[in-house]
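Q: got a predicted structure plus its sequence, pasted below:
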Amino acid sequence: MEFVGGAYAFVEDFVGYVVNPTSTQLFVSGQETKSYALYGQADWHLTPKLTATFGLRYTDETKDFRLNRVGSGTVS
């Protein structure tokens, strides 16, 4: 029998700015992503020419989005 396993992690924090072209409104947006995973795979050699492969994976992912208005008004 052969076995392989591992872990995966990904974290990202993004901030962006948006200006409304018809006014002086400025928006600040942000997104945070967190993703974690565990995985494993096993090969069981039933005969010299026949192998059964089994695998599992667990993933946990969250995303948070924020949007804040910083300024307001109109352009004259």
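A: Sure, I can see it.

Q: what about this protein, any weak spots by pLDDT?
A: The model of the chain has pLDDT under 70 over residues 71-76.

Q: what helix or strand is residue 36 on?
A: In the assignment (DSSP states H and E), residue 36 maps to strand 26-47.

Q: what is the helix or strand following that strand packed up against?
A: Counting by DSSP H and E, the next helix or strand C-terminal to strand 26-47 is strand 50-71. Where contact means 3 or more CB pairs under 8 Å, 6 or more residues apart in numbering; DSSP states H and E, strand 50-71 is packed against strand 26-47. For every residue, glycine as well, the C-beta is placed using N, CA and C.

Q: tell me the angle the strand it packs on makes with strand 50-71.
A: Interaxial angle, strand 26-47 versus strand 50-71 (axes from the mean of the first three to the mean of the last three CA atoms, to 10 degrees): 170 degrees.

Q: change the start of the numbering to 709 and stick with it
A: Okay, using 709 as the starting number, the last item reads as strand 734-755.

Q: quick one: strands adjacent to strand 734-755?
A: Next to strand 734-755 in the sheet, as set by DSSP bridges, lie strand 710-727 (antiparallel), strand 758-779 (antiparallel).

Q: got those as CSV, with distance to residue 752 and mean neighbour count columns?
A: Putting the strands paired with strand 734-755 into CSV (distance: least, CB to CB, whole Å; neighbours: other CB atoms under 10 Å) gives the following:
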stretch, distance to residue 752, mean neighbour count
strand 710-727, 8, 10
strand 758-779, 5, 10
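
Q: what's the closest of those strands to residue 735?
A: Closest to residue 735 of the strands paired with strand 734-755 is strand 710-727 (CB to CB; 4.4 Å).

Q: what does the closest one contact?
A: 733-751 (CB atoms under 8 Å, 6 or more residues apart in numbering).

Q: span of stretch 745-763 from start to end?
A: 13 Å (CA to CA, to the nearest Å).

Q: what residues does it touch?
A: Contacts for stretch 745-763 (CB under 8 Å, 6+ apart): 709-717, 764-768.

Q: switch the cut-off to 7 Å
A: Residues from elsewhere that reach stretch 745-763, judged by CB atoms under 7 Å, 6 or more residues apart in numbering: 709, 710, 711, 712, 713, 714, 715, 716, 764, 765, 766, 767.
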